[in-house]
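Asker: Below: sequence and its predicted model.
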Amino acid sequence: MRPLRYSINVTLDGCCHHEAGLPPDEESMRYWTAQLEQADALLFGRVTYEMMASAWRKPATGTWPDWMGEWQRPFAETIDRAKKYVVSSTLGRVDWNAELVQGDLAQSVQQLKQEPGESLWVGGVTLPLALADLGLIDEYEFLVQPVLAGHGPTLLAGLREHIQLELMDRHEFRSGAVAMRYRPTRVMAL
C-alpha cells in the first residue's frame, strides 16, 4: 500500500498560510523538489490545486516566467510534470496532468493508496484536515520556518481528535528552518 504523506511549510506559531512570511530559499526548494520526486502522485484540494497551478504550471510559451529564479526551476519542472489528483465537488474538470476525485473521500483516497507505487503526497490545509480526521495520513512532514506570523490559518485547526506522532526524521537548514517527519503511532488494544 502506498503511504500518504502530508507535507507543508509552517511558522513557529503554527500558521500555514502561503503568505505568512514563508519565502522559499534555494536550500528549501532543493529539499521540496527531492521530496516531490519521491511521490508517485500529488493530492490537492481545489484551492491548493488552483494556487499551485497559477504559480508552477509551465506557460504555454514553454518558457518559465521572468520572476522565477534559476534555482526555482527544478521544483517548477518537478511539480509541473507530476501526476495530480484533485479532490473537488465544485470543479467540473481539471487539467495540468490531473484527474478529478469526487464522491466518498475515504473510499477514493483508500483506493489511490492501494494502487501500485511508492507514495502519495498531499499538501494544503482543508483536505489534509479531512484526511487526518479519517486516519488516512501515514506521515506528516512539517518544514518549520523561524517566523512568527501572529495570524492566519493554523495547522490542522479543528482536528476532531489528537494524533500522537513519532519522529522519523529531522533535517536542519542553514536558514534556521527545520524539517521534521513523523508517523502516527498505533496504539494496540490490550
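Answerer: Thanks, I have it.
Asker: Pull up the pairing partners for the helix or strand containing V10, direction included.
Answerer: Using DSSP states H and E, the secondary-structure element containing V10 is strand 4-11. Partner strands for strand 4-11, per DSSP bridges, with pairing direction: strand 120-122 (parallel), strand 139-145 (parallel).
Asker: what about the protein, any weak spots by pLDDT?
Answerer: Applying pLDDT under 70 to the chain flags the ranges 21, 186-190.
Asker: Centre-most residue in it?
Answerer: In the chain, the C-alpha nearest the mean C-alpha coordinate belongs to G123, at 2.1 Å (Cα atoms, centre = their mean).
Asker: ranking the strands paired with strand 4-11 by burial, who's on top?
Answerer: strand 120-122 (a mean of 24; mean count of other Cβ atoms under 10 Å). The way it works is simple: take the backbone N, C-alpha and C, and place the C-beta from them, glycine included.
Asker: before we move on, the earlier item: mind giving me a markdown table with the strands paired with strand 4-11 and columns for distance to E26?
Answerer: A markdown table is the format used below for these (distance: least, Cβ to Cβ, whole Å):
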| stretch | distance to E26 |
| --- | --- |
| strand 120-122 | 21 |
| strand 139-145 | 14 |
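Asker: Which parts of this structure are helices?
Answerer: 26-37, 46-56, 73-81, 105-114, 126-133 (DSSP state H).
Asker: between those, which gets nearest to E19?
Answerer: E19 lies closest to helix 46-56 among the helices of the chain, at 10.5 Å (Cβ to Cβ).
Asker: which helices and strands does that closest one pack with?
Answerer: helix 73-81, strand 84-87 (3 or more Cβ pairs under 8 Å, 6 or more residues apart in numbering; DSSP states H and E).
Asker: ok, residues contacting the last one?
Answerer: In this case it means strand 84-87. Under the contact criterion Cβ atoms under 8 Å, 6 or more residues apart in numbering, strand 84-87 has outside partners 41-46, 49, 94, 96-102, 105, 108, 112, 127.
Asker: Show the buried residues in the residues you listed.
Answerer: For the contacts of strand 84-87, a burial check counting by 16 or more other Cβ atoms under 10 Å picks out 41-46, 49, 94, 96, 98, 101, 105, 112, 127.
Asker: can you pull the buried residues of stretch 175-186?
Answerer: So for stretch 175-186, counting by 16+ other Cβ under 10 Å, buried means 177, 179-183.
Asker: so which of the helices of the chain gets nearest N9?
Answerer: helix 26-37 (7.8 Å).
Asker: buried residues in the closest one?
Answerer: So helix 26-37, judged by 16+ other Cβ under 10 Å, has buried residues 28-29, 31-33, 35-36.
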